[in-house]
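Q: kindly return the folded structure for what I paste below:
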Amino acid sequence: MNSLIKLELTRALRNRKFLFFSVIYPSALFLLIAGNADSTTKVDGTGLTVPTYTMVSMASFGALTAVLMGNSERIAKERESGWVRQLRLTTLPGRGYVLAKTASAAVVSLPSIVIVFLVAATVKDVHLDAWQWLALTGAIWAGSLIFAALGVAIGYLATGDAVRPITMITYFGLSMLGGLWMPSTTFPDWLQNIAKWLPTHAYAALGQAIELGDAPHAKDLAILAVYFALFAGGAAWLYRKDTLKA
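A: As a prediction, this is how the structure comes out:
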């Protein structure tokens, strides 16, 4: 399994388009959104300034991009090409393939988080305590596993031709409605009520709580736990179904 993980990492790091969208793109969006904002204006209903709010949103968005986009399309296309079937003929356990995909995506997601933080600290002069930087990195990185599981599920659900539109709709829908691109407090009330129950909203809320020096809210943790169980359970079921079909 270690050899497969190394192979997946090498493939991911050689994919310049994937690296751009998962590592560079979130930082560029941060500069676009927060570039002209001052360090005192706060986002309504959050208690955070525009740069600090946007920093967590874009770091979360970058991690989401790496694990969701990185897993779904590759898995669907490798199933269609017969690569997954070939791996089943080796001694590699079934879970090893899924773990290798998740591990490689998680490794790529870490630089996207760190680079957004570095840009925010150097360009927009965002200041946090050392424990907050560490806690933010750990929370956003660990939380990305929820969307890694979703990526695996989509990869086993969709065909090679259908996986990209399904992934893109899911990706943009979760990003926009979850408040990663703009504060959900600017939404109409009915849309805010929907956004509060989305995993991306709870995901960003983890980092926002840390920035405020608070502990994550129990409701957000519960929402993330439920979604992780649903996505991971769905991925496991779809994997077993695909194995039996093969």
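Q: now the closest residue to K196 other than its chain neighbours: how far from D38?
A: Spatially, and ignoring its direct neighbours in sequence, K196 is nearest to S184 (7.6 Å; Cβ to Cβ, 6 or more residues apart in numbering). Backbone N, C-alpha and C define where each C-beta goes, glycine included. Noted for S184: a distance of 22 Å to D38, by Cβ to Cβ, to the nearest Å.
Q: higher neighbour count, the two?
A: Set S184 next to D38 and count neighbours by other Cβ atoms under 10 Å: S184 wins out with 24 against 10.
Q: burial check on A130, number of neighbours?
A: Count around A130 with other Cβ under 10 Å applied: 7.
Q: what of the one 5 residues further on?
A: When neighbours are counted by other Cβ under 10 Å, A135 registers 18.
Q: excluding sequence neighbours, find me the nearest residue to it.
A: I210 (4.9 Å).
Q: go on, L128?
A: L128 sits nearest to E211 (Cβ to Cβ, 6+ apart), 6.7 Å away.
Q: same question, L64
A: Nearest non-adjacent residue to L64 (Cβ to Cβ, 6+ apart): F147, at 5.2 Å.
Q: do M176 as well
A: Closest to M176 by Cβ to Cβ, 6+ apart is M182, at 7.6 Å.
Q: shouldn't the one you found be within a strand?
A: No: under the criterion used here (DSSP: H, G, I helix; E, B strand; the rest coil), M182 is coil, not part of a strand.
Q: neighbours of it, how many?
A: M182: 14 neighbours (other Cβ under 10 Å).
Q: equivalent analysis for L29, please.
A: Neighbour number of L29 under other Cβ under 10 Å is 18.
Q: and if you look at W133?
A: Around W133 there are 16 residues (other Cβ under 10 Å).
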